[in-house]
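S.K.: need a 3D model of the following:
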Amino acid sequence: MATSLEPKLKALPAKPGVYLFRDANEKILYVGKAKSLRPRVRSYFNRGADMRVGIDRMVDRIRRIDRQYPDGFTLE
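M.R.: Residues are numbered from 1 along each chain as shown. Below you'll find the model as predicted:
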């Protein structure tokens, strides 16, 4: 895990929201939503936990994590 992201990962709340992964050029790599941001976002950084193709490569490129809590946000 990139050490620069550790404080951000530790500070994630366990509440619903939207998360964005960005690379060094601020390009959005991935947008996701979660019922609980903390475990969902942290799960990407557990090597081997996610077997989808390309996830490890994407995680290596993440330099910033943004989060949003839209008004009236619900997960279906």
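S.K.: what ranges do the helices span in this protein?
M.R.: Assigned by DSSP state H, the helices in the chain fall at 6-11, 37-43, 55-61.
S.K.: show me what the second one is packed against.
M.R.: To tie it back to what came earlier, the one meant is helix 37-43. Helix 37-43 sits against strand 17-22, strand 28-34, with contacts defined as 3 or more CB pairs under 8 Å, 6 or more residues apart in numbering; DSSP states H and E. C-beta coordinates here come from the backbone N, C-alpha and C atoms, glycine included.
S.K.: off-centre distance for that helix?
M.R.: 7 Å (CA atoms, centre = their mean, to the nearest Å).
S.K.: which parts of it are buried?
M.R.: For helix 37-43, the buried set under the neighbour-count rule, 16 or more other CB atoms under 10 Å, comprises 37, 40-41.
S.K.: of those, closest to residue 5?
M.R.: Within the buried residues of helix 37-43, the smallest distance to residue 5 is 9.6 Å, found for residue 41 (CB to CB).
S.K.: related to what we said a few turns ago, most tightly packed of the helices and strands packed on helix 37-43?
M.R.: Mean neighbour count (mean count of other CB atoms under 10 Å) peaks for strand 17-22 among the helices and strands packed on helix 37-43, with a mean of 18.
S.K.: turn the buried residues of helix 37-43 into TSV, including distance to residue 55.
M.R.: Below are those laid out as TSV (distance: CB to CB, whole Å):
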residue	distance to residue 55
37	18
40	13
41	13
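S.K.: any regions of this structure where pLDDT drops low?
M.R.: The chain contains residues with pLDDT under 70 at 1-3, 48-51, 71-76.
S.K.: how far does stretch 22-30 sit from its chain's centre?
M.R.: 12 Å.
S.K.: kindly check the end-to-end length of it for me.
M.R.: 7 Å (CA to CA, to the nearest Å).
S.K.: what's it in contact with?
M.R.: 20-21, 58, 61-66 (CB atoms under 8 Å, 6 or more residues apart in numbering).
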